[in-house]
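**Student:** Show me how the following folds:
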Amino acid sequence: MFENLSEKLNGVFKKLKGHGSLTEKNIEDGLKEVRMAMLEADVHYKVTKNFIADIKKRSLGQEVMESLTPGQQVIKIVNEELTRLMGESNAPLDVSGSHPAAIMMVGLQGSGKTTTSGKLALHLRKTGRKPGLIPADVYRPAAIDQLKKIGAQLSVPVFPSESDMDPIDICKQAVGFCHDEGLDVMIIDTAGRLHLDEELMAELGHIKTAMNPSDILLVADAMTGQDAVKSAGAFNEALDIGGVILSKMDGDARGGAAMSIKSITGKPIKFVGVGETPSDLESFHPDRMASRILGMGDVLTLIEKAQNSVDEKTAIDLEKKIRKNQFTLEDFRDQMVRLRKMGSITDIIKMIPGLSNNKNLKNLKIDDNGTARIEAIINSMTPLERRKHSIINGSRRKRIAKGSGTRVQEVNKLLKDYTNLLKMLKKFNKSGMRGMGKNILPF
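**Tutor:** Next up, the predicted model:
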């Protein structure tokens with residue numbers, strides 16, 4: 001997502017920064033390239049036109065022309081305008097109003113609405129809420145069973161809907177179910193269609209009238225580009241949605257939907273789906289997304305991912321072990337597991353400022369299964385071997401390789417990497433670790 005756009009924008013910025021001073025001519029030449037990059041990224045043409053006009057107006061103003069670093073000022077303006085384009089700030093989920101608060105999930109069939117309902121339930125539970133899932137799609141085969149399986153996987157209560165029930169009756173009866181279960185939010189998975197039609201909108205309108213939802217979220221497939229923007233406009237016109245969840249943002253989409261929806265519909269993107277696992281739902285922050293697009297990284301999201309994978313007590317205990325040079329192979333394994341929970345290592349690298357556009361890392365393909373092999377190798381060791389790696393001789397290495405389904409060379413490499421890490425930690429320890437506490441990141 002956004003890789004081609006990021007590459008082309010940074011090419012333009014490099015040219016602009018190469019000029020000692022900027023003129024109207026080289027600013028216009030640069031903006032022509034930005035315009036082409038935006039259109040190639042499938043950004044709506046009207047959005048692109050207004051975006052370029054706003055940047056041009058500001059770039060030709062005093063804040064750039066009189067600046068000592070005009071190229072940097074243009075980048076700053078593009079960053080600010082990108083952020084404004086996508087909504088300026090994070091738009092929170094609305095769970096106010098009735099108890100339980102009702103959230104309607106709407107969207108076309110195939111957008112990932114049912115799966116996203118489960119992800120949203122998990123997100124709400126992490127914030128201290130008690131969500132329940134309400135299957136109200138009685139038309140798509142196995143839709144109800146799919147949501148029940150998702151609920152069982154996440155240990156989230158699911159209303160026992162049946163396919164012969166009326167969707168509005170399901171929603172009304174689910175209120176009593178939520179009261180009985182002590183739930184404070186009900187996530188209603190409504191029916192979708194392969195395309196927009198009056199019958200679908202009428203049913204959704206009746207559910208909205210009956211339930212008075214605190215929020216209506218449209219789940220739109222980012223892979224469909226401007227079709228997602230078009231459907232967002234139609235759903236918003238019919239239902240006055242509260243916001244959008246863009247699913248499949250981890251795919252090969254060009255990113256145009258994310259940059260167009262707010263301007264076209266006036267409604268914010270609240271969440272983005274960034275993977276297939278239940279935890280792969282992120283709050284959408286326009287400023288952070290703008291930083292990613294411009295190759296500036298995304299430190300805040302990286303920190304949040306780290307904090308979600310390790311609690312404060314674990315971090316403090318780990319700090320104490322490192323201080324005392326007691327960081328064992330078991331600790332090393334646990335950090336690998338936590339790193340894997342944070343997502344793809346390649347994606348994590350892109351969030352680090354200065355690395356996202358690094359030429360040496362651009363085509364780097366990191367095997368995310370490597371952490372799983374590390375875990376298997378360490379699990380094949382005895383408790384004593386994990387605590388005292390120096391006793392692992394040749395015969396032990398052969399046994400560990402056989403037990404983990406790996407080669408001796410891989411066991412050797414792990415032990416070498418681990419001893420190098422210990423040396424680094426000792427140096428780091430000497431330079432001072434005071435104050436790391438809860439902010440320590442998994443290795």
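**Student:** where does this protein have low pLDDT?
**Tutor:** The chain contains residues with pLDDT under 70 at 1-2, 17-21, 62-71, 251-255, 295-315, 339-369, 428-443.
**Student:** which residues in it form strands?
**Tutor:** 101-106, 131-135, 185-189, 215-221, 243-247, 269-273, 281-283 (DSSP state E).
**Student:** Give the burial count for the residue lying closest to Val185 once chain neighbours are set aside, as a bare number.
**Tutor:** Nearest residue to Val185, sequence neighbours excluded (C-beta to C-beta, 6 or more residues apart in numbering): Pro131, at 4.4 Å. Where you see a C-beta, it was placed from the backbone N, CA and C, and this is true even at glycine. By other C-beta atoms under 10 Å, 28 other residues sit near Pro131.
**Student:** hang on, isn't Pro131 packed against Ser117?
**Tutor:** No - if you go by C-beta atoms under 8 Å, Pro131 and Ser117 don't touch, sitting 9.4 Å apart.
**Student:** correct me, but Thr265 touches Ala232?
**Tutor:** Yes - using C-beta under 8 Å, Thr265 makes contact with Ala232 at a distance of 5.0 Å.
**Student:** which ones are touching Pro157?
**Tutor:** Contact analysis of Pro157 by C-beta atoms under 8 Å, 6 or more residues apart in numbering lists 132-133, 151, 177, 181, 183.
**Student:** most surrounded residue in those?
**Tutor:** In terms of neighbours by other C-beta under 10 Å, these top out with Leu133 at 26 neighbours.
**Student:** so what's that one bridging to?
**Tutor:** Val158, Ile187 (DSSP bridges).
**Student:** Quick check: the residue nearest to Val185 vs Lys119, distance?
**Tutor:** 11 Å (C-beta to C-beta, to the nearest Å).
**Student:** again, but for Glu276
**Tutor:** From Glu276 across to Lys119, the span is 10 Å (C-beta to C-beta).
**Student:** So between those two, which is more surrounded?
**Tutor:** Lys119 (25 against 11).
**Student:** which residue sits closest to that one, ignoring its sequence neighbours?
**Tutor:** Spatial nearest neighbour of Lys119, excluding adjacent residues (C-beta to C-beta, 6+ apart): Leu281 at 3.9 Å.
**Student:** now Asn90
**Tutor:** Per C-beta to C-beta, 6+ apart, closest to Asn90 is His285, 4.8 Å.
**Student:** Pop out the phi and psi values for the one you found.
**Tutor:** Per-residue torsions, His285: phi -120, psi 110 (degrees, to the nearest 10).
**Student:** can I get the contacts of Pro157 in JSON lines with distance to Val106?
**Tutor:** Output for those, formatted as JSON lines (distance: C-beta to C-beta, whole Å):
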{"residue": "Gly132", "distance to Val106": "18"}
{"residue": "Leu133", "distance to Val106": "15"}
{"residue": "Gly151", "distance to Val106": "19"}
{"residue": "Phe177", "distance to Val106": "21"}
{"residue": "Glu181", "distance to Val106": "24"}
{"residue": "Leu183", "distance to Val106": "21"}
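**Student:** and which of the residues you listed is nearest Ala257?
**Tutor:** Set against Ala257, the nearest of the contacts of Pro157 by C-beta to C-beta is Leu133 (26.0 Å).
**Student:** Sounds good, over and out.
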